[in-house]
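Asker: Below are the sequence and a predicted model; questions follow.
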Amino acid sequence: PTEPASVLESDIGFINALSSFYEHHQPKFLVAELIVLNELHRYGGRFDAVVELDGKNYLLDYKTGNHYAGPLAMQQIAYMNSGIAHYDEQGNLQEIEEAVSKKFGLSGARGLYLHEDGTYELVDPFDFIPESIAWRAFLNCLDAYNSMQQIKTLERNRDDD
């Protein structure tokens, strides 16, 4: 038995939506909140969960805002192409395991949009955006971000002279 939890009035709809999702889909959680890194492309993050739904494994990401198909697809593919990071007790990186998609045999990803009115939508971010295009778009955005960081550094160095 679990203890009842206090919920803010403003969050009740989201909790009801999540409860409804659990009731309808009965997901089996394989892992949650793992830190992932991609050494080659030098990025990292933390995804919400890997779940089994209808006999297949999916990366699952919770959302409470509007639908943004492109950003969701890019975020999900970035996580899928990252390895699970393992740290020691002092917080030092010890190893990076194989890509999440391989480790868990992912069939894809799902975005779970939770709404204030207690409803939810489970969407496939690759429904109309192929994984290969999402991956290319993510890498292009990452490259643009890194280039802008380099420009800012060069500007600061010039201003310091």
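Answerer: Perfect, I can see it now.
Asker: tell me the phi and psi of the residue nearest the centre of the chain?
Answerer: In the chain, the centroid-proximal residue (CA atoms, centre = their mean) is residue 47; its distance is 3.7 Å. Backbone torsions for residue 47, taken as degrees, to the nearest 10, come to phi -100, psi 170.
Asker: what do you get for residue 63?
Answerer: phi -140, psi 140.
Asker: From residue 58, how far off is the residue nearest to the centre of the chain?
Answerer: Between residue 47 and residue 58 the distance is 11 Å, computed by CB to CB, to the nearest Å. For glycine as for every other residue, the C-beta is placed from the backbone atoms N, C-alpha and C.
Asker: Kindly report the same for residue 113.
Answerer: Counting by CB to CB, the gap from residue 113 to residue 58 is 15 Å.
Asker: Looking at the two now, which is surrounded by more residues?
Answerer: Comparing residue 113 with residue 58 by other CB atoms under 10 Å, the one with more neighbours is residue 58, at 24 against 19.
Asker: so the more buried one is in which element?
Answerer: In the assignment (DSSP states H and E), residue 58 maps to strand 56-63.
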